[in-house]
Structures are given as structure tokens and as C-alpha cells.
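Colleague: output the structure for:
(one chain, ligands or ions: 2)
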Amino acid sequence: MTTPRIAFIGAGNMAASLIGGMRAQGVGAESIRASDRGAEQREKISAQYGIDVFASNAEAINGVDVIVLSIKPQAMKEVCLDLAPHIKDGQLIVSIAAGISSASLANWLGERAIVRCMPNTPALLRQGVSGLYANPQVSAEQRQQAEQLLSAVGLALWLDEEHLIDAVTAVSGSGPAYFFLLIEAMTAAGEKLGLPRETAEKLTQQTALGAAQMAIASDVDAAELRRRVTSPAGTTEAAIKTFQAGGFEALVDAALNAAAQRSAELAEQLGK
Ligand SMILES: NC(=O)C1=CN([C@@H]2O[C@H](COP(=O)(O)OP(=O)(O)OC[C@H]3O[C@@H](n4cnc5c(N)ncnc54)[C@H](O)[C@@H]3O)[C@@H](O)[C@H]2O)C=CC1
Ligand SMILES: O=C(O)[C@@H]1CCC=N1
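Modeller: Ligands and ions are numbered 1, 2, ... in the order given. Next comes the predicted model:
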């Protein structure tokens, strides 16, 4: 496959992660361009990755194969309506915005090949994971182009149905924040138990990393790995029983449901 030319509309955090991932994989700066309404943002991304930058979104998409919409969901309608007359047949639209459906995008941009994705912030370290949905207009080559883009920053997993993007948003899009919350809480509890803050923090962070790596590398599931840490009548059992008495699983279930519901609500509010 020849390297597609890609334009990013909105050169913020997520765009910078994706551009950084592609550059690290050897994609040439000449294949990537970005537009942003902020001069500072344009200068920063241009200096960091050596790509051409534009103040005009319409200019940025001229002649590219893939247009990545990487602005905030609230800005999406206005940006799409402005871009619509400048989009050419054959250009693939990739949206990374939370809560904007492909049907809304098609309303604003016309019937086009659209891939909707939900990445997450560990993309910054190329440790991200994304769910991707392609509408029926997307060709096999365009699917590959979208996958190449997202897999430059981590795992890219295709979904057969668009509504599952709400679930991906709840699990992995917002997910880093849940683990950060657990890290915060464990660090604070460790400190209360007498550890210096920095030690409690390092113990917690390295434990999170080690547990994730074990879960990925293991041929048994997380429940079995947990059982192997949990000696009968031991210390882990005391902690796990306390978590479960507090309704841990039900709380996680309710939290993810709230996130998925919010994703659907955003689509309803912002998609009109
Ligand atoms: N932050 C996260 O954890 C995740 C974010 N997303 C999605 O990624 C998208 C981008 O998020 P971030 O990079 O965090 O936001 P950000 O605020 O860092 O970047 C957005 C950029 O768009 C620019 N911009 C705003 N209006 C514009 C316009 N009319 N024309 C051109 N540029 C314009 C801003 O100046 C800014 O640099 C959002 O839609 C969000 O839903 C998706 C997954 C995870
Ligand atoms: O909180 C949000 O709405 C965005 C989408 C996923 C992560 N951050």
C-alpha cells in the first residue's frame, strides 16, 4: 500500500499523539499536514514533527487521501459544514470525536466514506487502544488506511456495529481515568499506612504496570491471576472481601453504564 496523505483538522493532544506515532513508524513529514485555528498550536506541531500547517481547514485537505477530524465534539458541526464544499470524492473521513455518529457526519459532509474511532490517551506513549467502525462506503483500502493510522499508536480493533463505540468509549476511551483514580486512591491509602508519598506512588504505579503486563502475557484470565495472588485467609483475601462488601463490581458496572449513556446522549445533543 502506498503511504496515504493525511490532513488533521485540529492539532491538539490526540492529533499530536497520532502524528507522533506515524512519524515514529517512519511515515514521512511530507505525507502529513495539520490545520488548527490556534497559531501557537500550529507552530508547536510544525516544530515538533516537521509537518506543514495551515490556518485554513479547507486548504489543509486539498489533495489528501484521509481527513482526520480531531477537534472537540462541540466544534464538529461548524467545522464539517465549512469543510463540506471542499471535500472531494474518494477522500476518507476519519473522526476521533466522542459522541458524534457517522450519520451526523454524513448529514453535515454528505454521503462519504467515514470511519469513526475512539482512541485513548495512552496513544501518547504508543500504548493506546482504539475501537473503529467503518460505514458501508469505506473501501478495503480505506479500512487499511484507517487501521494503519490508529495502529501507529497502539492496538486497533474493528467493530461490526457503530453503537458499540459507546461501549468502547466507556471501557477504554475514558478508561485511563479510572485507573488513574485507583492509582490516586491506592497512593493515598499507602501514605496513610505510613509510606512516604513518593514510595507509595511508585509502588502503586509499578504494580499497575506489572498487573497489566501479566494479564496481557498470561494464558489464564484475570480472575485466575487474582486467585493466584490470594492466599486462603491471607492479606489479599482481606482486601478483596472489603472491596466486594462495598459493591465494587456493581459500582464499576454502574460507572461504565453512565459513561456509555453519556456518549449516547452527546450524540443526541451534538448530532443535530
Ligand atoms: N482526550 C481524550 O482522552 C480523548 C479524546 N478524544 C477525542 O479527540 C478529539 C480531540 O480531543 P483533544 O485532542 O483532547 O482536544 P484538544 O483541545 O487538545 O485539541 C483540539 C484542537 O482543535 C483546535 N480547534 C478548535 N476549533 C477549531 C477549528 N474550528 N478549526 C481548526 N482547529 C480547531 C483547537 O485549537 C485544539 O488545538 C475530541 O473530539 C475528543 O472527543 C477521543 C478519545 C480520547
Ligand atoms: O471524557 C470524554 O468525553 C472524552 C472521550 C473519551 C475520553 N475523553
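Colleague: give me the most central residue, the protein.
Modeller: Geometric centre of the chain, nearest residue: residue 119, 1.6 Å, by C-alpha atoms, centre = their mean.
Colleague: what sits against that residue?
Modeller: The contact partners of residue 119, taken as C-beta atoms under 8 Å, 6 or more residues apart in numbering, are 14, 17, 18, 96, 128, 129, 130, 150, 153, 154, 173. C-beta: built from backbone N, CA, C; applies to glycine.
Colleague: which residue, other than its chain neighbours, is closest to it?
Modeller: Closest residue in space to residue 119, ignoring its immediate chain neighbours: residue 130 at 4.2 Å, by C-beta to C-beta, 6 or more residues apart in numbering.
Colleague: whichever strand or helix holds the one you found and ligand 2 in contact?
Modeller: Here residue 130 sits within strand 128-134, counting by DSSP states H and E. No. Residues of strand 128-134 contacting ligand 2 under C-beta under 6 Å from any ligand atom: none, with a closest distance of 11.1 Å.
Colleague: part of a helix, is residue 37?
Modeller: No. Residue 37: not assigned to a helix; according to DSSP: H, G, I helix; E, B strand; the rest coil it is coil.
Colleague: in contact with the nearest residue to it once chain neighbours are set aside, which residues are there?
Modeller: Once flanking residues are discounted, residue 37 sits nearest to residue 55: 7.0 Å by C-beta to C-beta, 6+ apart. By C-beta under 8 Å, 6+ apart, residue 55 lies in contact with 35, 36, 37, 39, 42.
Colleague: next, residue 55: phi, psi?
Modeller: Dihedral pair for residue 55: phi -80, psi -20, per degrees, to the nearest 10.
Colleague: thinking again about what came up before, taking the mean pLDDT, what do you get for the strand holding residue 130?
Modeller: For strand 128-134, the mean pLDDT works out to 97.
Colleague: that strand near ligand 1 anywhere?
Modeller: No. If you take C-beta under 6 Å from any ligand atom as the test, strand 128-134 misses ligand 1, and the best it gets is 8.2 Å.
Colleague: between the next helix-or-strand element following that strand and strand 128-134, how many degrees?
Modeller: Downstream of strand 128-134, the first helix or strand assigned by DSSP H and E is helix 140-151. When axes from the mean of the first three to the mean of the last three C-alpha atoms, to 10 degrees is applied, the directions of helix 140-151 and strand 128-134 differ by 160 degrees.
Colleague: cool, thanks, signing off.
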